[in-house]
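Student: I would like to see how this sequence folds:
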Amino acid sequence: MKSGLVVSSLAGYFFVSVDEQLLMCRARGRLKEKGLIPVAGDRVKISVEQATATFVIDDLLPRSNHLVRPAVANVDKVVAVLSPKQPRPNLLLVDKIVALACYIEVEA
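Tutor: Here you go, the predicted structure:
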């Protein structure tokens with residue numbers, strides 16, 4: 001079993017970076033039963049399904065943190081980028097982003 005990093009997901013497929021390769025994987029059914037859905041940034045354990053020669057995600061390693069929107073995990077730093085003039089900056093949105101970063105104990 002190898003470990004890798006989920007880079008992105010699309011239509012039930014997860015793209016996992018393993019040893020400088022990008023592998024297309026599916027999640028095992030038992031993960032879905034537990035309510036665990038891999039997101040970008042998750043560290044995972046993968047294996048090869050012998051019958052179909054496809055890669056599957058067997059397990060999720062523990063997350064240090066998790067954002068719902070956008071769906072990412074194990075975030076180290078949050079940066080808010082705004083335009084100074086057009087469109088007018090939404091300072092309430094910046095406050096929400098900074099507050100969320102503080103809540104999950106991530107540097108903003």
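Student: Pick out the residue closest to the middle of this protein.
Tutor: The residue lying closest to the centre of the chain (CA atoms, centre = their mean) is Ala40, at 2.1 Å.
Student: Confirm for me that that residue is in contact with Val75.
Tutor: No: the pair Ala40 / Val75 is not scored as a contact, 9.9 Å apart, by CB atoms under 8 Å. Where C-beta positions appear, they are placed from N, C-alpha and C, glycine not excepted.
Student: how much space between the closest residue in space to Asp58 that isn't next to it in sequence and Cys25?
Tutor: Using CB to CB, 6 or more residues apart in numbering and skipping the chain neighbours, the partner closest in space to Asp58 is Lys45 (4.9 Å). Using CB to CB, to the nearest Å, Lys45 is found at 11 Å from Cys25.
Student: got a list of what the residue nearest to Asp58 touches?
Tutor: Contact analysis of Lys45 by CB atoms under 8 Å, 6 or more residues apart in numbering lists 1-3, 57-59, 61.
Student: Which of those are buried? Put it as a PyMOL command.
Tutor: In PyMOL syntax, the buried subset of those is picked out as below (16 or more other CB atoms under 10 Å):
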select buried, resi 57+58+59
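Student: from the contacts of Lys45, which single one is nearest Phe14?
Tutor: Checking the contacts of Lys45 against Phe14 by CB to CB gives Ile57 as the nearest, at 6.1 Å.
Student: which SS state does that closest one fall under?
Tutor: strand (DSSP: H, G, I helix; E, B strand; the rest coil).
Student: Quick check: it touching Val18?
Tutor: No: using CB under 8 Å, Ile57 makes no contact with Val18, being 11.1 Å away.
Student: overlap in contacts of those two?
Tutor: Common contacts of Ile57 and Val18, defined by CB under 8 Å, 6+ apart, comprise Ile46.
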